[in-house]
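Visitor: no sequence on hand, only this structure:
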Ligand code: HEM
Ligand code: FES
C-alpha cells in the first residue's frame, strides 16, 4: 500500500483572512484545535428555571466535598490500630481508641480549620445527596427522562446510588460509636444474605467483625474508587446535557424544536459561577455555625456499647425504618437459616424501590409506544398517573424514613414504640395508596382549573353586581402566549385495541404483551381533562352574542 | 442594549403534532417569543452605574472576608471558646473562619449573579435542536467502514480464532475474582464460638475484677467479659472477641420465671441462685442490647427496638429479632467468683446461612 501526504505548511496563503488572536491561545489552538472545538459551546443557550438549579446544587456541593475531602486526607489516619489518646480534648485523655478515631479528634481539636473542614465536608455531603434526590425527582415529575435522555437518567440514577454509598462509607471512617454501630448493622445485613453471606462478611472485614482491615479498605473506596466513578459519570452526565441541549418549559416561542434562553458565555457562566459561590457560602456558614457529627460526644467504637436514640445520617434513615418495622420472620430449613426479617427490609425493599425508579422511563415508553424525542417538559398535572405514582413512592419512602425515628417520635410525643411501629406497618401500605389517589384527584382538579382559565380567562378578583343584584367575578381573557402555554401539551389517550381477531378470524398480532400494554395504558391515561379548539371557538362565538 | 437582533418569532406547537402552518385562526397556536422588554439598567445609565457599584462593593466585601479569614486563622487560638446566644459554647476559631469565608463566598457569588442580572444581556437567544440520530449518509459511511474493518480482520472467516478468543474473554474475569481470595480467612466455625469456656471468670469490664455472686442483686444490670479476653495473646483480637463474647448479668427471683416447666428449670439451672448471664449481642443484626426494665425484666435493643424477656429465656416479645438472647450457663467457683460452665450452647448474634 502506498500513500502520498502533502507536506504540512504554515498555510501562508490564508494569513490575510485570519482573525487576530493572542499568542497563547494561538499556541494552544495549534496543538489542541481549541477554536473549532469550542466555537459552538461559547454561546450555547441555556433555558432558565429555578428547578434547573437542583442539579447545579449537587454539582457544586460535590466540588466542595472534593476540596474539603483532600484537606482531611492530609491528617486522617485510616487505621484500626489501638492507641491511647493524648490530645487537646481532655475528657478522652488516656482512653484507648483506634488511630482513625484519634486522628479525627486531632483534626477537630488540634489542626486549625480542621473542624471547619470536617463540618464543611459533612454538611456538603448532606446537601449533595439531598440535591441529587430532589434533582432526580424534578426529572421524574417533568418527564425530562424521555427520549433522548434515558441514558442520562440511568447515569444520574447511578450517581444517586454512588452518592448514598459514598456517604455511608465516609460516615463510617472516623470509627466512632455511632458509625461503628452502623457498620455492625451492615455486617449483620451481609451475614443474612443466603449462601454467600458469611463468606462475604469474612472477606469484607478480613475476618471477624470488626477486624483490622475494614477502615483502611473503606478509606480507599471512599477517597479513590467511588469519587473517581462519580467524577467520571458527572462528566458524562454534563457532556450529555450539553450535547442533547437542556429541556425547557413550553411557552410562547418555546417549542420542541428549539431552545430559548441566555448564552453560556457570559450569562450562564456568571450565574452558575456565582451560584457555585453562593452554595459554598451557605455551606461554610453552616459549618461555622451549626455543629455536625460531634464524634467526641459519642466516643470511640466498641462493640459492647451503644447510646439510646442514636440516628444515622438522614439518607440512611429509610433503611433503618424499614429494618425496624419488619416483623420477625425467619426460616430454618434443612439446616440453613433464611432471615427474612433482615433480607426483606434491607435488600429486597430498597432493591424494588430503586430498580423500579431506574426503569420507569423504559416502562413508560413501553406503555405509550412513543418513540419521538421530547424536549418540552411536562407539567406534573398533565401526567396525573405518573405524578401520582411518584408521590406514592415518596410517601412509601417517607413512611420508612419516619419509621427510622420511631424511638425519637415515641419519646417526644409520649407514645408507645410498639403502637407507633404498628401504625407504620399499616401506613407503609395504606399511605402510598391514599397518596396516589389524592395526587391524582388534585392533578385532575388542576387540569380542570387550567381548562377554566383557557375557556373563561383569568379571575381578576373584581366583583361585579349586575342590575338585578347578581354578583359575578370579572374574568380577563388570557394572552395568546398564556393560552399556548396551557394547551401546548398533547393529551395522551389510552391505547385502543381493535377486535381480538380480524374479519378473517386471524388473531390480532401482539398477543398477551399487547393486551398487557393496553391495560397499563388504560390505567395510566384514561383520566384526563381535554380542552379542544372547538370548545374554545364555540364559547367565543357565544360571547359574540352578548 | 438594542433589541433589533431578536429573532422572528418561531411558530409551531409543542410536540410537532400540529403542523407549523396550523390554521391561522387556531386560538391555541404559538404566538412566538414575546416582545423584549428592556430593564431599568438598559435604559437609565444612572441605574447601570449604580448596579456597577453594587457589584464592585460585593466583590470588595468578598476580599475583606477572605483576608479576614487569614487573620482569624492566625490570631484566634484553636482552643478558644465563645458563648453565643442560640449556639451555646462554640469553638471561636471555627466560628470566625466559618463566618469570614461564608460571607466572602456569599458576597462573591451574589456579586456575579447581580452583575449577570443587571448588566449582562437578557435578550433571549433561540437555537435549534437536531435529532440525536445520525443522518443517513453518516450512518451509511459508519456501517460500511465497520464492515470493511470486520472483513479486514477476518473475524467471520476464521471461526477457530473467533471461538478461542471468545472463550478467552469468558475466562478473563476468573483471575480478577480469584486474586481477591486473600481478602479474608474462611469463616469456618468462628461464628459459633466465643472465648467463653469452662471456668472462665466473668470479669467486670470497668474494674477488671471478677464478678462475685454477692455483687449482683435483683434489679442490677452488670456487664461481663471472659477473663481470657484481657490476656496478652488476645490483645490483637480484643475487639473482635468482645463483639461476640460480651454478656450482661442480671438476677431474677425464681418466681419471676416464665415459660414451660422444662424451660424454667434449664434457665434456673444455668444460673447461680437466679444470677444469669445473657449474650449482650442482639440476635437481629448485632447491636449491643442495652435498656433494662427492672420491673418487667425486659431488655431492649436501641437499634431497632427488639425486646427480649429475660424472665422467659430471653424470648423476643417485640421487634424484628427472630431468636432469643442466648443464655450463658454459669456457676460459682471455690472463691465465690462467677465462672462459665461452658461456651454458649448456640451461636450468638445475628443469623447467618449456615447457622441452621
Ligand atoms: C452527582 C450527582 C448529579 C449531578 C452533579 C448532576 C448535575 C446535573 C446538572 C448540572 C444538570 C443540568 C441542569 C439540570 O437539569 O438540573 C443535570 C441534568 C440532568 N440530570 Fe443530573 N446530576 C446528578 C444526579 C442526577 C440523578 C440522580 C438523576 C436521575 C436519576 C439525574 C438525571 C438528570 C437528567 C435526565 C438530566 C437532563 C435534564 C434536562 O436536560 O432537563 N441527575 N444534572
Ligand atoms: S440489632 Fe437489635 S433490634 Fe436490630
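Guide: Nice, I can see it. This is a predicted model, so every value here is computed, not measured. Ligands and ions are numbered 1, 2, ... in the order given.
Visitor: and residue A:97, what does it touch?
Guide: Taking CB atoms under 8 Å, 6 or more residues apart in numbering or on different chains, we find residue A:97 in contact with A:82, A:83, A:84, A:85, A:175, A:300. Using the backbone N, CA and C atoms, a C-beta is placed for each residue, glycine as well.
Visitor: 10 Å instead, please
Guide: Taking CB atoms under 10 Å, 6 or more residues apart in numbering or on different chains, we find residue A:97 in contact with A:80, A:82-85, A:103-105, A:175-176, A:299-302.
Visitor: biggest separation within those residues, which pair?
Guide: In those, two members sit farther apart than any others by CB to CB. They are A:103 and A:302, at 17.7 Å.
Visitor: which of those two has more neighbours?
Guide: residue A:103 (24 against 19; other CB atoms under 10 Å in any protein chain shown).
Visitor: does the helix or strand hosting the more buried one come close to chain B?
Guide: Residue A:103 belongs to helix A:99-109 when assigned by DSSP states H and E. Yes - Helix A:99-109 reaches chain B (CB under 10 Å from any CB of the partner chain) through A:108, A:109.
Visitor: show me which residues of that helix are buried.
Guide: Using 16 or more other CB atoms under 10 Å in any protein chain shown as the test for burial, helix A:99-109 gives A:99, A:100, A:101, A:102, A:103, A:104, A:105, A:106, A:107, A:108, A:109.
Visitor: ranges for the helices of the stretch 401-546 of chain A?
Guide: Secondary structure of the stretch 401-546 of chain A (DSSP state H, counting those that start in this stretch): helices at A:406-413, A:417-456, A:480-487, A:511-525, A:533-544.
Visitor: for the residue of the stretch 151-300 of chain A found nearest ligand 1, what are its contacts?
Guide: In the stretch 151-300 of chain A, no residue comes nearer to ligand 1 than residue A:156, which is 2.0 Å away by CB to the nearest ligand atom. By CB under 10 Å, 6+ apart, the contact set of residue A:156 is A:55, A:58, A:132, A:135-136, A:139, A:144-145, A:149, A:233-234, A:237, A:240, A:358.
Visitor: I'd like the distance between the closest residue to residue A:526 other than its chain neighbours and ligand 2.
Guide: Excluding the flanking residues, the one nearest residue A:526 by CB to CB, 6 or more residues apart in numbering or on different chains is residue A:494, at 5.4 Å. Residue A:494 is 46 Å from ligand 2, where distance means CB to the nearest ligand atom, to the nearest Å.
Visitor: surely residue A:494 is in contact with residue A:369?
Guide: No - with contacts counted by CB atoms under 10 Å, residue A:494 stays clear of residue A:369, the gap being 11.5 Å.
Visitor: now the common contact residues for these two.
Guide: Shared contacts of residue A:494 and residue A:369 (CB under 10 Å, 6+ apart): residue A:521.
Visitor: and the residue of the stretch 351-500 of chain A found nearest ligand 2, how many neighbours?
Guide: Distance from ligand 2 to each residue of the stretch 351-500 of chain A (CB to the nearest ligand atom) is smallest for residue A:407, at 11.0 Å. Other residues lying near residue A:407 total 22 when counted by other CB under 10 Å.
Visitor: pull the contacting residues for it.
Guide: Residue A:407 is in contact with A:308-311, A:324, A:417, A:420-421, B:291, B:300, B:302-305, counting by CB under 10 Å, 6+ apart.
Visitor: where does the residue nearest to residue A:526 land on pLDDT?
Guide: pLDDT for residue A:494: 89.
Visitor: for it, give me its contacts.
Guide: Contacts for residue A:494 (CB under 10 Å, 6+ apart) come out as A:367, A:518, A:519, A:520, A:521, A:522, A:523, A:524, A:525, A:526, A:527, A:528.
Visitor: what about 8 Å?
Guide: Residue A:494 makes contact with A:518, A:521, A:522, A:524, A:525, A:526, according to CB under 8 Å, 6+ apart.
Visitor: repeat for residue B:109
Guide: Counting by CB under 8 Å, 6+ apart, residue B:109 touches A:273, A:274, A:275, A:276, A:277, A:278, A:279, A:280, A:281.
Visitor: pick out the residue of chain B closest to chain A.
Guide: When distances are taken as CB to the nearest CB, chain B reaches nearest to chain A at residue B:98, 1.3 Å away.
Visitor: that residue: neighbouring residues, count only.
Guide: For residue B:98, using other CB under 10 Å, the count is 27.
Visitor: now do the SS call for it.
Guide: Put simply, residue B:98 is helix when judged by DSSP: H, G, I helix; E, B strand; the rest coil.
Visitor: and the gap between it and residue B:78?
Guide: 14 Å (CB to CB, to the nearest Å).
Visitor: in stretch A:480-500, what's buried?
Guide: Using 16+ other CB under 10 Å as the test for burial, stretch A:480-500 gives A:480-490, A:492, A:494-495.
Visitor: how about stretch A:415-422?
Guide: Neighbour counts using 16+ other CB under 10 Å place A:417, A:420, A:421 of stretch A:415-422 among the buried residues.
Visitor: near ligand 2, anything from that stretch?
Guide: No - applying CB under 6 Å from any ligand atom, one finds stretch A:415-422 separated from ligand 2 by no less than 11.4 Å.
Visitor: could I get the pLDDT score of whichever residue of the stretch 401-546 of chain A sits closest to chain B?
Guide: As assessed by CB to the nearest CB, chain B sits closest to residue A:488 within the stretch 401-546 of chain A, at 3.6 Å. You'll see residue A:488 listed with a pLDDT of 92.
Visitor: so it sits against residue A:250, correct?
Guide: Yes - with contacts counted by CB atoms under 8 Å, residue A:488 reaches residue A:250, the gap being 3.8 Å.
Visitor: residues near residue B:226, how many?
Guide: 25.
Visitor: could you measure it against ligand 1, distance?
Guide: 48 Å.
Visitor: residues contacting the closest residue to residue B:228 other than its chain neighbours?
Guide: Once flanking residues are discounted, residue B:228 sits nearest to residue B:195: 4.9 Å by CB to CB, 6+ apart. Residue B:195 makes contact with B:226, B:228, B:229, B:234, B:241, B:244, B:245, according to CB under 8 Å, 6+ apart.
Visitor: and the spatially most central residue of chain B, how far from ligand 1?
Guide: The residue lying closest to the centre of chain B (CA atoms, centre = their mean) is residue B:303, at 14.8 Å. Distance check for residue B:303 against ligand 1: by CB to the nearest ligand atom, it reads 29 Å.
Visitor: which helix or strand contains that residue?
Guide: Per DSSP H and E: nothing holds residue B:303, as it lies in no helix or strand.
Visitor: and the gap between it and residue B:224?
Guide: 21 Å.
Visitor: look up the closest residue to residue B:314, ignoring the ones flanking it.
Guide: Counting by CB to CB, 6+ apart, residue B:314 lies nearest to residue B:325, which is 3.5 Å off, once chain neighbours are set aside.
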